[in-house]
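S.K.: predicted structure and sequence below. I'll ask about it afterward.
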Amino acid sequence: MDLNLEKTGKRLDVYVQEAAQVTRSAAARLIESGHVTVKGKAAKANLRLKEDDVVDVNIPAPIALEILPQNIPLDIVFEDADLIVLNKPKGMVVHPAPGHTEGTLVNALMSHCGDSLSGINGVARPGIVHRIDKDTSGLLVVAKTDAAHLSLAAQFAAHTISREYTAIVHGRPNPAHGTINAPLARHKTNRKKMAIDPNGRHAITHYETMEHLGIYTLIKARLETGRTHQIRAHMAHIGNPLLADPTYSKSATAHGLTGQALHARLLGFAHPNGTYMEFAAEPPNCFKKTLEKIRPK
């Protein structure tokens, strides 16, 4: 770990990120958990360093993931020694959580990849760089090495990843094409929901009407930022919640579809070797069948 980097005027979290070669969020967690000191004392992430400040970073050993590998079929779009691109099915949880430790994407990845997954976020071999919701289908990239994880995480932080979604929404967005620039934060009373909040995190969604479907609309949404529930919360905010969205619409089931009509169709990024790569995946059959049901005859 290089602790001889330029310090003057640099934020502590940025310095730790560069020196320890971890993601910005991982650096912030190290600071918050007391694993970073400046001149022997705990400090805040936004502290501006001086050149004579002595920064000590103690990186704890990765926590062993007490999750069993499961031989679950994966729809692999691309794979090499650095990363794997997957088309996640609707209904699959990405990462284990209390009460849901089986049948997740991580369970399947641990079986498929063995030890070849990154441990950059402090948990041994999860490889997860980003997530999509359980009932959202579509493309995900998973890091198989720490170097790939850092490269991809930096691109997500810089908002240079290309992410395009297909969705069915209630009503007709007005205007038909537009940009939603509205900060998001956890809802003050419903912690499973996101809400527009002037003190929330910067969030921008670009959307485009693709087809009118009677009382519904098929849209394309492009993420400029990637916040939790961003498309779901933003479309609900402008009066066009996603069809069958259990959190932001009136019903969790509609026209035979259970869970939000949202599919991560396109994913583009720079491979750690510098080559730009872009992948596309068609929506699942349940999405297509719902389209056929609601499309005006």
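M.R.: Structure's in. What do you need? Fair warning: this is a prediction, and the values are worked out from it, not measured in the lab.
S.K.: can we go C-alpha only for contacts and neighbour counts from here?
M.R.: Fine.
S.K.: look up the closest residue to L213, ignoring the ones flanking it.
M.R.: Residue nearest to L213 in three dimensions, not counting chain neighbours: R295, with 5.1 Å by CA to CA, 6 or more residues apart in numbering.
S.K.: go through the chain and flag its longest helix.
M.R.: helix 146-157 (DSSP state H).
S.K.: buried set for the helix or strand of the chain with the lowest mean pLDDT?
M.R.: Within the chain, no helix or strand scores below helix 24-32, which has a mean of 83 by mean pLDDT, DSSP states H and E. Using 16 or more other CA atoms under 10 Å as the test for burial, helix 24-32 gives R24, A26, A27, A28, R29, L30, I31.
S.K.: before we move on, back to that, next, the angle helix 146-157 makes with whatever helix or strand comes next after the longest helix of the chain.
M.R.: As assigned by DSSP states H and E, the chain's next helix or strand after helix 146-157 is strand 162-170. Angle, strand 162-170 to helix 146-157, by axes from the mean of the first three to the mean of the last three CA atoms, to 10 degrees: 50 degrees.
S.K.: give me the distance from strand 162-170 to the chain's centre.
M.R.: 15 Å (CA atoms, centre = their mean, to the nearest Å).
S.K.: what sits up against it?
M.R.: Contact with strand 162-170 is made by 215-223, 235, 239-243, 261-269, 283, as judged by CA atoms under 8 Å, 6 or more residues apart in numbering.
S.K.: select only the buried ones of those residues in PyMOL?
M.R.: Of those, the buried ones go into a single PyMOL selection, burial set by 16+ other CA under 10 Å:
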select buried, resi 216+217+218+219+220+221+222+223+235+240+241+242+243+261+262+263+264+265+266+267+268+269+283
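S.K.: just the strands from the stretch 1-150 of the chain, written as ranges.
M.R.: 36-38, 41-42, 55-57, 76-79, 83-88, 137-143 (DSSP state E, counting those that start in this stretch).
S.K.: so which of those strands gets nearest K7?
M.R.: strand 55-57 (9.6 Å; CA to CA).
S.K.: helices or strands next to the closest one in the packing?
M.R.: Here strand 55-57 touches strand 36-38, going by 3 or more CA pairs under 8 Å, 6 or more residues apart in numbering; DSSP states H and E.
S.K.: try it again at 10 Å.
M.R.: helix 12-20, helix 24-32, strand 36-38, strand 41-42 (3 or more CA pairs under 10 Å, 6 or more residues apart in numbering; DSSP states H and E).
S.K.: now it: mean pLDDT?
M.R.: Averaged across strand 55-57, the pLDDT comes to 89.
S.K.: strands paired with it, and their directions?
M.R.: Strands that pair with strand 55-57, judged by DSSP bridges, come out as strand 36-38 (antiparallel).
S.K.: what is the mean pLDDT for the strand it pairs with?
M.R.: 91.
S.K.: give the contact list for P126.
M.R.: Contacts here follow CA atoms under 10 Å, 6 or more residues apart in numbering; on that basis P126 touches 64-65, 95, 105-107, 109-110, 115-120, 142-144.
S.K.: of the residues you listed, grab the buried ones for ChimeraX.
M.R.: The ChimeraX command for the buried members of the contacts of P126 (criterion: 16+ other CA under 10 Å) is given here:
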select :95,105,106,107,109,110,116,117,118,119,120,142,143,144
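S.K.: restricted to helices, list the contacts of P126.
M.R.: Going by DSSP H, the helices hold L105, V106, N107, L109, M110 from the contacts of P126.
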